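J.: Whatever this is, show me its structure:
(chains A, B, C and D)
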There are 2 protein chains.
Amino acid sequence: MKNPRSLSKRERILDVAEELFALHGYDGVTLRQIAKGAGVDVALASYHFGKKLDLFNAVFQRRAALLNSARLDALRACQQSAGNEGPSVEQIIEAFLRPLELAQETGDPGWQHYLALIAYINNSPYWGPRMMSKLFDGLVSEFIDALRKALPDARDEDIYWCYHNLSGALTLTLAQTGRIDKLSGGKCRSADFEAAYNHMIPFVAAGFRQVCGKETTT
Amino acid sequence: MKNPRSLSKRERILDVAEELFALHGYDGVTLRQIAKGAGVDVALASYHFGKKLDLFNAVFQRRAALLNSARLDALRACQQSAGNEGPSVEQIIEAFLRPLELAQETGDPGWQHYLALIAYINNSPYWGPRMMSKLFDGLVSEFIDALRKALPDARDEDIYWCYHNLSGALTLTLAQTGRIDKLSGGKCRSADFEAAYNHMIPFVAAGFRQVCGKETTT
DNA sequence: CGCATATTTCAACAAGCGTTGAAATTTAAA
DNA sequence: TTTAAATTTCAACGCTTGTTGAAATATGCG
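T.: Modelled structure (predicted):
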């Protein structure tokens, strides 16, 4: 009985945990809330995942590999199509951001909750260092290498600070706080990731060029 | 006995609460931890502030007015010195960011914790809409008005998205997660706000110009 | 000092927490 | 159908939580 159709309840626990953790953070959610949301007994979460922290990690890990490979594929693709001069800053940033749109493309609301959870973790002084590095530093280093090639005159320090700005803008987007909706009087919608990226890509690319000097490619 | 020298313990509770809330979030901190950190009985927090949520709000409000007026003063100052063409994008962003350096200038570590708390709240889908708007929307609107004048060709929508990018980059900086320290191999330090702003200002200004069209002023 | 008020502690409460062992149920193969 | 394993629930545990009323202490005024 390795894998019967018990996926249902186990998966439902992950889905509810994902949504609640993204909204209220690790300490703001109880196992009983998760169980109630999933229509399941409290003890079932422990049976499937162990401690509360293990469940948190399971939620975090569930979509990590898929997300990482989607972004890495996008980077490889734009590198391939760019010849030996390498891709432009815009193309690299596009590869970094566009795969995140699978959150709406798949129609799975879980992806949106997951990205909000990433934002929560990335912005947390406690969880950030504990969880982000192990899973995302490899990917980020690849993108930074690509940016270094596209900006050969740049000092390393400047590239990292620029990436930091990119990461912050992205993080606030993923967090979905809805603040821009109110500020703009409805002209902008937090949920419109495509509009967010359409503005973020030229914005960030111009910032990189300003701080990190001119490019070699086009 | 309106105001004897009881400021000591009351203030210590606020200081400890500020630091712990910034690090672990609202639900990640107990009143007993705060009391223990302040060297005080649990009940004292309730006596001075009421419910836990009231203490949270008190921490949030304590420095809000001072911070807001410092930033507003900086905006007024750069508007005054800029003649009737108005200040440039750089000058406006500088006025938005530089006052935050009082966190290190005053030598009061509480300011750093406070700014990290702002970052936590601003990035939270739960607290963001509940707390940021009432206190900061007025200030933000003033800065956006100034940016609109400096970028007369821009569509409103574009300005708000660009501000969103600025806000995100700033938020991640204030959160002090230390991720950039590790990623850069020590070349960049999260605690070095001056370096962060020195990179953020030209980065963001270039982004605004790219997305929002050319300026009228110099 | 003596007194009133503000501050602080003490002690306890009801409720909710994560976790666990054992019982009940479902499942899949024989 | 029988059987054994996987899944799910039940019931309870020891502990911590936020909050509160009463007691104790400190403070400042006349």
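
J.: Flag the shaky bits of chain A, pLDDT-wise.
T.: By pLDDT under 70, the weakly predicted segments of chain A are A:1-7, A:214-218.

J.: if we look at stretch A:88-106, which residues are touching it?
T.: A:67, A:70-71, A:73-75, A:77-78, A:82, A:87, A:111-112, A:114-115, A:143, A:146-147, A:150-151, A:166, A:170, A:174, A:193-194, A:197, A:200-202, A:204-205, A:208-209, A:215, A:217-218 (CB atoms under 8 Å, 6 or more residues apart in numbering or on different chains). In this view, the C-beta of every residue, glycine as well, is placed from N, C-alpha and C.

J.: Which members of those residues are positioned in helices?
T.: A:67, A:70-71, A:73-75, A:77-78, A:111-112, A:114-115, A:143, A:146-147, A:150, A:166, A:170, A:174, A:193-194, A:197, A:200-202, A:204-205, A:208-209 (DSSP state H).

J.: thinking again about what came up before, the contacts of stretch A:88-106 also near chain B: which ones?
T.: A:166, A:170, A:200, A:202, A:204-205, A:208-209 (CB under 8 Å from any CB of the partner chain).

J.: what's the most distant pair in those?
T.: Within these, A:Leu170 and A:Arg209 form the most distant pair, 18.4 Å apart (CB to CB).

J.: Between the two, point out the one with more neighbours.
T.: When neighbours are counted by other CB atoms under 10 Å in any protein chain shown, A:Leu170 and A:Arg209 differ, and A:Leu170 comes out ahead with 26 against 21.

J.: Quick one: residues contacting the more buried one.
T.: Counting by CB under 8 Å, 6+ apart, A:Leu170 touches A:97, A:100, A:200, B:168.

J.: From DNA strand C, how far out is it?
T.: Counting by CB to the nearest atom of the strand, to the nearest Å, the gap from A:Leu170 to DNA strand C is 30 Å.

J.: A:Leu66 now?
T.: Following CB to the nearest atom of the strand, the distance that separates A:Leu66 from DNA strand C is 25 Å.

J.: and A:Ile13, what is it in contact with?
T.: A:Ile13 sits next to A:34-35, A:38, A:40, A:44-45, A:48-49, A:55 when contact means CB under 8 Å, 6+ apart.

J.: Show me which of the contacts of stretch A:88-106 are buried.
T.: A:67, A:70-71, A:74-75, A:78, A:82, A:87, A:111-112, A:114-115, A:143, A:146-147, A:150-151, A:166, A:170, A:174, A:193, A:197, A:200-201, A:204-205, A:208-209, A:215 (16 or more other CB atoms under 10 Å in any protein chain shown).

J.: any idea which of the ones next to chain B among the contacts of stretch A:88-106 is closest to B:His24?
T.: Nearest member of those to B:His24, counting by CB to CB, is A:Leu170, at 23.7 Å.

J.: quick one on the thing from earlier: the contacts of A:Ile13 in helices, which ones?
T.: Judged by DSSP H, the contacts of A:Ile13 include A:34-35, A:38, A:44-45, A:48-49, A:55 as members of helices.

J.: Can you tell me which of these is nearest chain B?
T.: A:Ile34 (14.3 Å; CB to the nearest CB).

J.: Would you mind confirming that the closest one is in contact with A:Val16?
T.: Yes. Applying CB atoms under 8 Å as the test, A:Ile34 and A:Val16 come out as touching, 5.1 Å apart.

J.: Compare the two and say which is more crowded by neighbours.
T.: The neighbour comparison of A:Ile34 against A:Val16 (other CB under 10 Å) goes to A:Ile34, with 26 against 23.

J.: Can you give the contact residues for the helix or strand containing A:Ala119?
T.: Using DSSP states H and E, A:Ala119 falls within helix A:109-123. With contact meaning CB under 8 Å, 6+ apart, helix A:109-123 is reached by A:15, A:18-19, A:21-23, A:25, A:59-60, A:62-63, A:67, A:100, A:102-104, A:127-128, A:131-132, A:167, A:171-176, B:119-120, B:123-125, B:171-172, B:175, B:177, B:179.

J.: 7 Å - rerun?
T.: Here helix A:109-123 makes contact (CB atoms under 7 Å, 6 or more residues apart in numbering or on different chains) with A:15, A:18-19, A:21-22, A:25, A:59-60, A:63, A:100, A:102-103, A:127-128, A:131-132, A:171, A:174-176, B:119, B:123, B:125, B:171-172, B:175, B:177.

J.: Let me know the angle separating it from helix B:109-123.
T.: 170 degrees (axes from the mean of the first three to the mean of the last three CA atoms, to 10 degrees).

J.: Chain neighbours aside, what residue packs nearest to A:Asp137?
T.: Distances taken as CB to CB, 6 or more residues apart in numbering or on different chains put B:Leu183 closest to A:Asp137, at 6.4 Å, once the chain neighbours are dropped.

J.: Distance of the residue nearest in space to the middle of chain A relative to chain B?
T.: For chain A, the residue nearest the mean C-alpha position is A:Leu115 (4.9 Å; CA atoms, centre = their mean). As defined by CB to the nearest CB, to the nearest Å, A:Leu115 lies at a distance of 11 Å from chain B.

J.: And for A:Asp73?
T.: Relative to chain B, and taking CB to the nearest CB, A:Asp73 is found at 22 Å.

J.: Likewise for A:Asp108?
T.: 18 Å.

J.: How about A:Phe60?
T.: 16 Å.

J.: The closest residue to that residue other than its chain neighbours - how many residues pack around it?
T.: Excluding the flanking residues, the one nearest A:Phe60 by CB to CB, 6+ apart is A:Met131, at 6.2 Å. Using other CB under 10 Å, A:Met131 has 19 other residues around it.

J.: isn't A:Met131 right next to A:Gln61, touching?
T.: No. Using CB atoms under 7 Å, A:Met131 is not in contact with A:Gln61; the gap is 9.7 Å.

J.: Give me the common contacts of those two.
T.: Shared contacts of A:Met131 and A:Gln61 (CB under 7 Å, 6+ apart): none.

J.: if we can go back for a sec, would you check that the residue nearest to A:Asp137 makes contact with A:Val140?
T.: Yes. Here B:Leu183 reaches A:Val140: they are 6.4 Å apart, a contact under CB under 7 Å.

J.: All set, thanks.
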